[in-house]
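J.: missing the sequence, but the structure's below:
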């Protein structure tokens, strides 16, 4: 791009000046109700950090993808999956869920097998709980009666599928710690045989009979099973003490709270509260420390009826944290700065942890250095799938396949070939 336009610079400056004009007033109001606290003493422990990445390439008749997750602590564990799938609906969302599922699985496995005191996850737990995959929401919008219409059948299917998932989980724990860490697609929901296996145990299930001739119902069922498998991985992770640290977020719960408390004062001064918390919190204190708060208005999405109606033994942790509509009952959040004048992060600790929020923060501080948490930094750099390496892999795969049968080429051409 050419040099930026002066008019664009003026526009951005005007926006920033407008927001800065409110900072002092809002900072004073925040101090009336909230306190910036000093960080507790650090406490040593066995701590792992988990992060993931994904990459895909769209070919003319197929999609080649890779998803990865790593866990870094006393040891380095990695999990990579490479596969080829049809160009089905919602591919971006479904690959994201595959990656996040690997993150949760590897976190739960190292927590169990290395007896970790804490598993650090990149991102937000609130996002994992309140934001089901976008395509699940689309099913609800397009076919609002799909879950209700098939509720009993789906409950039956889900119970059988979760039993298979438990067996699958036990085998995965052994696979992860073998030397071969690049696995085929381990999503049981994408196993071509899984629906046939479920059918063999659900003889009178009406939904399983309709999917033989209804591709829409079949696709919706696979999507639903992928979501169940994602929740199963999250449920396993919630067996252990975890914490999520987000680098990018736009929460404004503190300012919304202040806006409600000081409505008349703000209206009198003509101040519109239309910015996230962090720029104002940064003005409240520049020192190391943290500011705890509660989520105010954000609500969790409810689980589909077939999941809510499961027997108690299934997805117990997930259903426990999702039964209350208020995030404040599930998550203890705080803004944290690890170094004077440093970046502010969002820390979320589930209330299901055995340790308190302060004890969890003490463990995190033992691996924090400078502005960030060292294991999370290593995990971020260690998990990145390099585009050139992935492209080379895909090219080698295509050459090998076409070398065996030229008819494969119709599926494996790349539309951007002439541009590269």
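T.: On my side now, so go ahead. Worth saying up front: this structure is predicted, and the values here are computed from it rather than measured.

J.: so what does the closest residue in space to residue 41 that isn't next to it in sequence look like in phi/psi?
T.: Leaving aside its sequence neighbours, residue 41 sits nearest to residue 362 (C-beta to C-beta, 6 or more residues apart in numbering; 6.2 Å). The way it works is simple: take the backbone N, C-alpha and C, and place the C-beta from them, glycine included. Main-chain dihedrals, residue 362, degrees, to the nearest 10: phi -60, psi -40.

J.: residue 362: how many residues sit nearby?
T.: The tally of other residues near residue 362 (other C-beta atoms under 10 Å) stands at 19.

J.: so, low pLDDT: which residues of this structure?
T.: 1-4, 130-145, 176-184, 297-302, 325, 414-420 (pLDDT under 70).

J.: hey, which helix is longest across it?
T.: helix 6-33 (DSSP state H).

J.: list the buried residues in that one.
T.: 22, 26-27, 29-30 (16 or more other C-beta atoms under 10 Å).

J.: what's the farthest-apart pair in those residues?
T.: 22 and 30 (11.7 Å; C-beta to C-beta).

J.: got a list of what the closest residue to residue 368 other than its chain neighbours touches?
T.: Nearest residue to residue 368, sequence neighbours excluded (C-beta to C-beta, 6+ apart): residue 338, at 4.7 Å. For residue 338, the contact set (C-beta atoms under 8 Å, 6 or more residues apart in numbering) comprises 39, 288, 345, 365, 368, 370-373.

J.: for the residues you listed, which single residue is the most surrounded?
T.: That'd be residue 373 among these, by other C-beta under 10 Å, with 25 neighbours.

J.: partners of that one in the sheet?
T.: With DSSP bridges as the criterion, residue 373 is bridged to residue 368.

J.: residue 262 and residue 274, how far apart?
T.: 15 Å (C-beta to C-beta, to the nearest Å).

J.: higher neighbour count, these two?
T.: Set side by side, residue 262 and residue 274 show more neighbours around residue 262, with 21 against 11, by other C-beta under 10 Å.

J.: wait, that one touches residue 29, no?
T.: Yes. Under the criterion of C-beta atoms under 8 Å, residue 262 makes contact with residue 29 at 5.2 Å.

J.: list the contacts of the residue nearest to residue 383 when sequence neighbours are not counted.
T.: Take residue 383 and drop its neighbours on the chain: the residue closest to it by C-beta to C-beta, 6+ apart is residue 70, 4.4 Å away. Applying C-beta under 8 Å, 6+ apart to residue 70 gives the contacts 50-52, 76-79, 106, 379, 382-383.

J.: how about the residues you listed in JSON lines, adding distance to residue 248?
T.: JSON lines is the format used below for the contacts of residue 70 (distance: C-beta to C-beta, whole Å):
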{"residue": "50", "distance to residue 248": "17"}
{"residue": "51", "distance to residue 248": "14"}
{"residue": "52", "distance to residue 248": "15"}
{"residue": "76", "distance to residue 248": "25"}
{"residue": "77", "distance to residue 248": "26"}
{"residue": "78", "distance to residue 248": "24"}
{"residue": "79", "distance to residue 248": "24"}
{"residue": "106", "distance to residue 248": "22"}
{"residue": "379", "distance to residue 248": "16"}
{"residue": "382", "distance to residue 248": "20"}
{"residue": "383", "distance to residue 248": "17"}
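
J.: may I ask which two of those are separated the most?
T.: 52 and 76 (14.7 Å).

J.: the more surrounded of these two?
T.: Between residue 52 and residue 76, counted using other C-beta under 10 Å, the more crowded position is residue 52 (25 against 12).

J.: in the protein, which spans are strands?
T.: In the chain, the strands defined using DSSP state E lie at 47-58, 63-72, 76-85, 118-122, 182-183, 242-246, 289-292, 331-337, 345-350, 368-369, 372-373.

J.: which stretch among those comes nearest residue 388?
T.: strand 47-58 (10.7 Å).

J.: closest to residue 12 among the buried residues of helix 6-33?
T.: residue 22 (16.9 Å).

J.: list the contacts of that closest one.
T.: 271-273, 275.

J.: residue 39 is in contact with residue 285, isn't it?
T.: No. Taking contacts as C-beta under 8 Å, residue 39 lies outside contact range of residue 285: 11.9 Å.

J.: how about the chain, which residue sits the furthest from its center?
T.: Centroid-distance maximum for the chain: residue 268 at 41.2 Å, with C-alpha atoms, centre = their mean.

J.: can I get the strands of the chain in a markdown table with distance to residue 225?
T.: A markdown table is the format used below for these (distance: least, C-beta to C-beta, whole Å):
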| stretch | distance to residue 225 |
| --- | --- |
| strand 47-58 | 20 |
| strand 63-72 | 18 |
| strand 76-85 | 15 |
| strand 118-122 | 24 |
| strand 182-183 | 19 |
| strand 242-246 | 25 |
| strand 289-292 | 38 |
| strand 331-337 | 27 |
| strand 345-350 | 25 |
| strand 368-369 | 39 |
| strand 372-373 | 35 |
